[in-house]
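In: how would this look folded up:
(chains A and B, ligands or ions: 2)
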Amino acid sequence: MTDAEQAQRESTEPAGLGPAESDICLQGVSKRFAGTTAVDDLDLEIERGAFFALLGPSGCGKTTTLRMIGGFEAPTEGRVLLGGEDVTDRPPYKRDVNTVFQSYALFPHLTVERNVAFGLERRKLDKAEIARRVQETLELVQLEALAGRKPAQLSGGQQQRVALARALVNRPRALLLDEPLGALDLRLRKQLQIELKRIQQDVGITFVHVTHDQEEAMTMADRIAVMHKGRIEQAGGAAELYERPRTAFVANFLGVSNLVDARLGERDGELVTLETHDGARLRAPADRVGPHDGQAVQVGVRPEKVRLLRDGVAPPEDANLLRGTIVVASFLGVSIQYLVRTKGGEELTVVVQNTEGEPDAFTVGSEVQLAWPPRHTFVVAKETHHEA
Amino acid sequence: MRRSLRHWVLGAWSVAALFYLFLPIFVIALFSFNDNQGRFNFTWQGFTLRHWADPFANPDLAEALKNSLLIAGLDTLIATALGTLMAVALVRYSFRGRGAVDMLVFLPLSTPEVVLGAALLALFLTVNIGTGFVTILIAHVMFTISYVVVTVKARLEGMDRHIEEAAMDLGATEFVTFRKVTLPMIAPGVAAAGLLAAAISVDDYVITSFNAGQTTTFPLFIFGATRQGVPAEVNVLGTMLLLVVLFLMGANVMLQRRLARRDANLLHRSVSTATEPLQAR
Ligand SMILES: Nc1ncnc2c1ncn2[C@@H]1O[C@H](COP(=O)(O)OP(=O)(O)OP(=O)(O)O)[C@@H](O)[C@H]1O
Ligand SMILES: [Mg+2]
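Out: Ligands and ions are numbered 1, 2, ... in the order given. This is a model prediction of the structure:
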C-alpha cells in the first residue's frame, strides 16, 4: 500500500495527470449527507485492468463511494478522475464507466436483448453492429437462449447476468459492481464469483467490486481496500492484508486475530521488543511497526501461526511466548480449535492441524504455552472500541 | 359449524349492503324502460323501448352530451400530461417549495366542491373571463389534476430509482431516460390516472354549474330537465352515463391488476434464488 500511497501523492501534483496506468482516482473525496459523513477525505487509486474490491461493514460508505465514481452522487469535496480526466461535475451519461446495481435495476418493460442493447442504442451504433455485440455478450454470460424473455421471467441469478451483460457490452473503462451477488444464495454466489473473475480476465476491464464479504473479496480481487467509517483503513493484496494488518479493524475484519495490549520497547536489530500488559516480552519485525511510537499498541498473531506446547516443554529458540489455560476445545475434523485464556486475561484462538489424531489433543483446563515465530507477529494501534 | 354460520351471516350482510348500494341505480335503469304517460316517470306503467329508440331527439341534449365528452377528452389530455410531469417533479427532483406543493396538491381533493366552484367563479369574475366552455375546462383540469398527481406519484414511488439511474449510466440523458424508461414503466399508472380524470370530469355537476355560463353539459342538462318534469330520456341517458363510467372504472381496475401482477412477479423473481447451474466452459 505504501507505494500506492506514494504514487498517489505524486499523481496529485500535476493536476489531472495521473500515472498512465491509473484508471480511477479519487482525490480527497468527502460526501456528507445531512448529519452523516458517508465518505471522509478518501484517496483511492485503481490501476487499469485490476480487479479491485472495496470491502467493509454495512454503512461504511462503499455504495456512496461507488456512486460518486458512477456520477450518481456529487462529492461534497474532492475530485474524481477517470483515466486522468477530471469528471467530478459530469453526469453519469458522460462517464465511461458502467454500473451493475445490487438490485440489478433491469428495465422491466424490455426483453433481455433490448436491455443489453440499451447502451449501444444510445450511442447510435448501426443495427447490425448492435445485434452482433449483444449476441456476443449474451454468449459470454451464457444467456443467448433467454434473449427474448422479460426480466420478470428470469431467476435471480439470470437477472444478475443480464445486468452484467448490459454493462459489459458497452466495453466501458471500468465496471462498478455494488454487491452484485448479495441477493443470491451461497452456492450460486460461489459459482458466480468464479464466473465473474473469469469474465474479468477475458475482457480485461477494470472491475471495482463492492462487498462486505471478506471471503468474496479475497477470492476474487487482486487488490482489496478495507473501508471503515468512510475511510480506507488499508489497501493491498489479500495476503498482505491478512498477514500484515496495520489496524485492529483490518485484523479483525479479515479473519480471526488475536490481539494483546502492549507497549512498544527498544529496537533490537531487525526486531522490536514489546512488553504486554501482563509483563510478557514479545518481539515483532521492526518494519511492521508504524508510527505508533510511545503509544499503547496491540500485538497480534493469526490463530494458525501459534503452536501449543504443554507446560514445561522447552519452547523453540527465539519464539514469542505466552502462557495460558485451555478454556474451550472444539474438534473440527481437519483441525482443532482452542480458546486459551492467557495470564493477562485475553482469550486467544489457536487452530491446530489435526495431524496427530484425537488422543493427542489438549484437554480443557490444561496449562499450555503459546509459541510463535516473531516474523508472524503484527503490531496495530490500540483501538478503544471494536466492531465486526 | 360456527364457521359456516359466520360465512352465511357475512354473505347475507354483503348482499344486503350491495342491494342498498345498487337499488337506486337499478331503479333508474329500470324506469328508462317505463311506458310512462305525462311528464312524470315515478310509477311503473308497462315496458317499452321507445325512450331508448331516440334518446338524442332533443338537440340541446345532443349538444350537452357533445360538450361533456369534449370537455372530458380535453381535460383528460391536459390534466394527465400536467399531472404526470408534476408527479415526476415531486418524486424525482428536489426543489424549493416541493413540500408545499406536495401538500397543496391534496387540497382540491379535500375541499368541498361548492367551495371550489364558488371560488373559481369569483376568480373568473375578478379577472374578467366570461364563463363558458373554456372556464369549465379550466375548472375540470384544476380538480382532476390532483387525482392524476396522486395516482402517478404512487406509481413512481413504487418504482426502483436505480432503474432510471441505470438508464443514465448507459448513456441516456434525463429526457431520453424519461421517454425510454420512466414513461413506459409508469404508463399503466398514467393510463389509470387518465381514466379517472375522464370519469370524474364527465359526471361533475357542482363545480361545472358555477362556471358554465351559457354552456350546458350533460349533467347540467339532466338536472335542468328534471325540474320541468322527469322525462324518461333522463333515465336512458343516466343509464348510458353509468355504463360509460362503469366501463372506465372496469378498465382502470383491470389495468391496476395487470400492473400489480407484473410487479409482484418481478419482485418475486428477483428475491427467489433458485436457478439452474451454469455450465462450466
Ligand atoms: N441519500 C442519503 N441520505 C442520507 N444518508 C445517506 C444517504 N446515502 C447513504 N447515507 C448514509 O451514508 C452512510 C454510508 O452509506 P452507504 O450506502 O455508502 O454504505 P455501504 O457501505 O454501502 O453499506 P451497505 O453495505 O449496507 O450497503 C450510511 O450511514 C448511510 O446511512
Ligand atoms: Mg451499499
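In: Going along the chain from the helix or strand that A:Ile130 is a member of, find the next helix or strand for me.
Out: Using DSSP states H and E, A:Ile130 sits within helix A:127-140. Once helix A:127-140 ends, the next helix or strand along the chain (criterion: DSSP H and E) is helix A:156-168.
In: And chain B, is the helix holding A:Ile130 touching that?
Out: No - Helix A:127-140 is not in contact with chain B by C-beta under 8 Å from any C-beta of the partner chain; minimum separation 9.8 Å. (C-beta placed from N, C-alpha, C; glycine too.)
In: Could you check the angle that helix makes with helix A:156-168?
Out: With axes from the mean of the first three to the mean of the last three C-alpha atoms, to 10 degrees defining the directions, helix A:127-140 sits at 140 degrees from helix A:156-168.
In: I would like the residues contacting helix A:127-140, please.
Out: By C-beta atoms under 8 Å, 6 or more residues apart in numbering or on different chains, the surrounding residues in contact with helix A:127-140 are A:112-113, A:116-117, A:120-121, A:125, A:144, A:147, A:165, A:168-169, A:199, A:202-203.
In: Give me the buried entries from the residues you listed.
Out: A:Val112, A:Glu113, A:Val116, A:Ala117, A:Leu120, A:Glu121, A:Ala147, A:Ala165, A:Leu168, A:Val169, A:Ile199 (16 or more other C-beta atoms under 10 Å in any protein chain shown).
In: Verify the stated contact: A:Glu113 with A:Glu144.
Out: No - using C-beta atoms under 8 Å as the test, A:Glu113 is too far from A:Glu144 to be in contact (9.5 Å).
In: Could you list the low-confidence segments of the stretch 1-150 of chain B?
Out: B:1-2 (pLDDT under 70).
In: Quick check: buried residues in stretch B:208-222?
Out: Buried-residue list, stretch B:208-222, by 16+ other C-beta under 10 Å: B:208-213, B:215-222.
In: in chain B, which residue is closest to the centre?
Out: In chain B, the residue lying closest to the centroid (C-alpha atoms, centre = their mean) is B:Leu196, at 1.8 Å.
In: which phi and psi does that residue have?
Out: Here is the backbone geometry of B:Leu196 (degrees, to the nearest 10): phi -60, psi -50.
In: Output the residue ranges of the helices in chain B, listed in chain order.
Out: B:2-31, B:50-53, B:59-92, B:98-104, B:107-110, B:113-126, B:133-157, B:161-169, B:174-177, B:183-202, B:206-211, B:218-227, B:232-271 (DSSP state H).
In: Now the fourth one - C-alpha only, PDB.
Out: Below are the C-alpha coordinates for helix B:98-104, written out as PDB (Å, rounded to 0.1, in the frame of the first residue of the first chain):
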ATOM      1  CA  ARG B  98     -41.600  20.900  -3.000                       C
ATOM      2  CA  GLY B  99     -43.100  20.100   0.400                       C
ATOM      3  CA  ALA B 100     -45.700  22.800   0.000                       C
ATOM      4  CA  VAL B 101     -46.700  21.600  -3.500                       C
ATOM      5  CA  ASP B 102     -46.800  18.100  -2.200                       C
ATOM      6  CA  MET B 103     -49.300  19.100   0.400                       C
ATOM      7  CA  LEU B 104     -51.300  21.600  -1.600                       C
END
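In: Mind listing residues that contact that helix?
Out: B:Met86, B:Ala89, B:Leu90.
In: what's around the last one, how many residues?
Out: As a burial measure, the neighbour count of B:Leu90 was computed by other C-beta atoms under 10 Å in any protein chain shown and equals 20.
In: hang on, it packs against B:Ala154?
Out: No - applying C-beta under 8 Å, one finds B:Leu90 not in contact with B:Ala154, separated by 11.4 Å.
In: can you give me the strands in the stretch 201-350 of chain A?
Out: A:206-211, A:223-228, A:231-236, A:258-268, A:271-276, A:281-285, A:296-301, A:307-310, A:320-331, A:335-342, A:347-353 (DSSP state E, counting those that start in this stretch).
In: mind listing what residue 245 touches?
Out: Chain wasn't specified; assuming chain A. A:Gln234, A:Ala251, A:Leu254, A:Ser257, A:Gly300, A:Phe378, A:Val380.
In: wait, chain B
Out: So B:Val245 contacts B:Ala199, B:Val202, B:Asp203 (C-beta under 8 Å, 6+ apart).
In: So what does A:Tyr36 look like in phi/psi?
Out: Actually, residue A:36 is Thr rather than Tyr. phi -120, psi 140.
In: That one and A:Ser30: what is the separation?
Out: 11 Å (C-beta to C-beta, to the nearest Å).
In: neighbour count winner among the two?
Out: A:Ser30 (17 against 11).
In: Pairing partners for that one in the sheet, please.
Out: A:Glu77 (DSSP bridges).
In: what separates it from A:Phe52, distance-wise?
Out: A:Ser30 is 20 Å from A:Phe52, by C-beta to C-beta.
In: Neighbours of residue 122, how many?
Out: Went with chain A since none was named. 19.
In: Actually, chain B is the one I wanted.
Out: Close neighbours of B:Ala122, defined as other C-beta under 10 Å, add up to 11.
In: B:Leu85 now?
Out: B:Leu85: 14 neighbours (other C-beta under 10 Å).
In: Where do the strands of the stretch 1-150 of chain A begin and end?
Out: Remark: strands assigned in the stretch 1-150 of chain A by DSSP E, counting those that start in this stretch are A:22-33, A:36-47, A:51-55, A:77-82, A:85-86, A:97-100.
In: can you redo those strands as JSON lines with mean pLDDT and distance to B:Ala62?
Out: Below are the strands of the stretch 1-150 of chain A laid out as JSON lines (pLDDT from 0 to 100; distance: least, C-beta to C-beta, whole Å):
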{"stretch": "strand A:22-33", "mean pLDDT": "92", "distance to B:Ala62": "61"}
{"stretch": "strand A:36-47", "mean pLDDT": "93", "distance to B:Ala62": "65"}
{"stretch": "strand A:51-55", "mean pLDDT": "95", "distance to B:Ala62": "71"}
{"stretch": "strand A:77-82", "mean pLDDT": "94", "distance to B:Ala62": "66"}
{"stretch": "strand A:85-86", "mean pLDDT": "92", "distance to B:Ala62": "68"}
{"stretch": "strand A:97-100", "mean pLDDT": "94", "distance to B:Ala62": "59"}
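In: Those into JSON lines, with extra columns for distance to B:Gly73?
Out: JSON lines is the format used below for the strands of the stretch 1-150 of chain A (distance: least, C-beta to C-beta, whole Å):
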{"stretch": "strand A:22-33", "distance to B:Gly73": "46"}
{"stretch": "strand A:36-47", "distance to B:Gly73": "49"}
{"stretch": "strand A:51-55", "distance to B:Gly73": "55"}
{"stretch": "strand A:77-82", "distance to B:Gly73": "50"}
{"stretch": "strand A:85-86", "distance to B:Gly73": "52"}
{"stretch": "strand A:97-100", "distance to B:Gly73": "43"}
